[in-house]
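>>> Below: sequence and its predicted model.
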Amino acid sequence: MKKIDVHLQDDSYSIFIGRNFLSDIGSLIKNKYSFDKVVIVTDDIVDSLYGEVVENSLLKEYISARRIVIPHGECSKNLDMLRYIYNQLTDFGITRSDLLLTLSGGVIGDLGGFAASTYLRGIPFIQVPTTILAQVDSSVGGKVAIDLDGGKNLAGSFYQPKAVFIDIDVIKTLPVHYFYDGLAEAVKCGCIGELSLFTLFESIKTKEDIEKKLENIIEKSCQYKASIVEKDEKESGLRMFLNFGHTLAHALESFKNYQGISHGEAVSIGMSVITENTERMGLTEKGTEKKIKEILSLLHLPIKTSISIEKLMPYIMHDKKIRGDFITLVILESIGKPKLIRVPLEQISTYLATGSSL
């Protein structure tokens with residue numbers, strides 16, 4: 001099992017990457033940590049595949065365990081489900097000496113992590129991500145949140161897990177759609193700084209190529225994100241680069257009410273659109289857009305949308321990167337060279353104009 005350490009002083013933790021260890025997760029946790037009880041927060045689909053496996057692994061180590069099962073999908077990342085988790089934690093008698101374990105993709109990681117960060121003003125939690133998107137991105141870095149009516153991730157906090165356990169073999173049960181979806185965040189890492197990852201994607205021709213290199217993709221993505229988080233945990237500067245493509249992405253997801261578009265698809269469109277516009281404006285090296293779109297298209301990810309920027313603007317106006325009358329956008333000068341720019345709100349459409357707005 002490979003280990004990547006995230007150095008954050010008192011909040012330091014490790015990311016463990018391996019294969020076929022879910023049935024032994026109980027002993028892995030017990031050997032490294034000491035908790036009285038463990039509550040597993042998962043969704044209905046993942047629970048049907050792995051919920052009992054993980055719970056039995058904990059019980060085998062004489063760790064008291066219970067599962068909280070949430071309906072799958074972004075629509076569950078809300079105040080009602082958060083309240084439901086709080087009530088379940090209370091019923092189970094969870095204290096600060098116990099553990100919350102998230103077992104699923106990014107939705108449960110965000111929702112369960114936010115519950116852990118706020119219940120009793122903070123209880124320990126561990127991430128066990130089961131999607132590529134969560135393994136390469138959302139499980140690492142301590143961003144936890146829920147969605148509000150006004151947009152995505154508007155209520156949240158920075159709260160680091162005690163550990164992240166990534167079992168690559170669980171990817172075998174992912175639908176093909178979500179297999180490719182999660183890779184968008186890995187491509188993003190390649191675009192903004194991890195050049196070896198971008199080169200790796202350029203060498204890929206088939207799904208079989210991806211499967212052979214998947215462990216390397218996950219490891220490089222985690223290493224890169226960990227290095228960014230170590231330098232800027234609370235997103236005051238460098239960590240903002242990780243938002244490349246996300247301003248438009250979050251607006252698209254909110255506009256569609258999290259139906260019919262996945263996060264990875266939205267990020268793919270967001271990266272493509274902003275790079276197309278900045279290259280046209282002379283801010284990005286010629287050919288950058290083509291390189292990115294070729295990789296994303298090979299991964300069966302969308303690179304454009306028919307939704308106009310005018311329709312998306314009400315959601316963009318809730319973006320967390322807005323300060324006063326300006327928004328901070330992430331653009332590329334070239335592959336591997338991101339740049340933060342402050343854009344007046346009235347000029348947003350110049351950078352984020354979609355296909356129907358150009």
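Yep, that arrived. Please read all numbers here as calculations on a predicted model, not as lab measurements.
>>> remind me which residues of the stretch 101-250 of the chain are low pLDDT?
For the stretch 101-250 of the chain, applying pLDDT under 70 flags no range at all.
>>> which residues of it fall in strands?
Ranges of strands in the stretch 101-250 of the chain, per DSSP state E, counting those that start in this stretch, are 125-129, 143-148, 151-158, 163-167.
>>> Just the mean pLDDT for stretch 58-66, thanks.
Mean pLDDT, computed over stretch 58-66, is 95.
>>> my read: residue 16 touches residue 3, true?
Yes: Residue 16 lies in contact with residue 3 (C-beta atoms under 8 Å); the separation is 5.7 Å. Using the backbone N, CA and C atoms, a C-beta is placed for each residue, glycine as well.
>>> Overlap of the contact sets of those two?
Common contact partners of residue 16 and residue 3 (C-beta atoms under 8 Å, 6 or more residues apart in numbering): none.
>>> Of these two, which one has the most company?
Taking neighbours as other C-beta atoms under 10 Å, residue 16 and residue 3 compare with residue 16 leading, 18 against 10.
>>> And the helix or strand hosting the more buried one, what does it pack against?
Assessed by DSSP states H and E, residue 16 sits inside strand 13-18. Other elements packing on strand 13-18 under the criterion 3 or more C-beta pairs under 8 Å, 6 or more residues apart in numbering; DSSP states H and E are strand 2-6, strand 163-167, helix 207-231.
>>> Run the angle between the first one and helix 207-231 for me.
Read that as strand 2-6. Angle between the axes of strand 2-6 and helix 207-231 is 30 degrees (criterion: axes from the mean of the first three to the mean of the last three C-alpha atoms, to 10 degrees).
>>> what's the most buried one of the helices and strands packed on strand 13-18?
Highest mean neighbour count of the helices and strands packed on strand 13-18: strand 163-167, a mean of 25 (counted as mean count of other C-beta atoms under 10 Å).
>>> Checking my notes, residue 42 in a strand, right?
Yes: Residue 42 sits within a strand when classified using DSSP: H, G, I helix; E, B strand; the rest coil.
>>> Quick check: it touching residue 72?
No: look at residue 42 against residue 72 with C-beta under 8 Å: they stay out of range, at 9.3 Å.
>>> Now the common contact residues for the two.
Jointly contacting residue 42 and residue 72 under the rule C-beta under 8 Å, 6+ apart are residue 104.
>>> Name the residue in the two with the higher neighbour count.
Counting neighbours by other C-beta under 10 Å for residue 42 and for residue 72 shows that residue 42 has the greater number, 26 against 17.
>>> Wait, residue 335 touches residue 191, no?
Yes: in this structure, residue 335 is within contact of residue 191 by C-beta under 8 Å, at 6.1 Å.
>>> Same list (the strands of the stretch 101-250 of the chain) but as CSV, adding distance to residue 230.
Shown next, in CSV, are the strands of the stretch 101-250 of the chain (distance: least, C-beta to C-beta, whole Å):
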stretch, distance to residue 230
strand 125-129, 17
strand 143-148, 15
strand 151-158, 13
strand 163-167, 14
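>>> for residue 39, phi and psi?
Torsion angles at residue 39 (phi, psi; degrees, to the nearest 10) stand at phi -110, psi 130.
>>> Give the buried residues for stretch 255-262.
The neighbour-count check on stretch 255-262 (16 or more other C-beta atoms under 10 Å) flags 255, 258, 261, 262 as buried.
>>> What pLDDT is listed against the last one?
Pointing back at residue 262 there. Residue 262 is assigned 94 on the pLDDT scale.
>>> give me the element the residue located most distally from the centre of the chain is part of.
The outermost residue of the chain, judged against the average C-alpha position, is residue 62 (32.1 Å), by C-alpha atoms, centre = their mean. Using DSSP H and E, residue 62 is not contained in any helix or strand.
>>> now it: how far from residue 30?
8 Å (C-beta to C-beta, to the nearest Å).
>>> now residue 203
According to C-beta to C-beta, residue 203 stands 41 Å off from residue 30.
>>> Please apply the same query to residue 173.
For residue 173, the distance to residue 30 - C-beta to C-beta - is 26 Å.
>>> Check residue 112 too.
Between residue 112 and residue 30 the computed distance is 20 Å (C-beta to C-beta).
>>> How about residue 331?
On the measure of C-beta to C-beta, residue 331 and residue 30 end up 47 Å apart.
>>> Those two: which is more packed in?
Ranked by neighbour count (other C-beta under 10 Å), residue 331 and residue 30 place residue 331 first, with 21 against 17.
>>> Skipping its backbone neighbours, what lies nearest that one in space?
Nearest non-adjacent residue to residue 331, counting by C-beta to C-beta, 6 or more residues apart in numbering: residue 278, 4.7 Å away.
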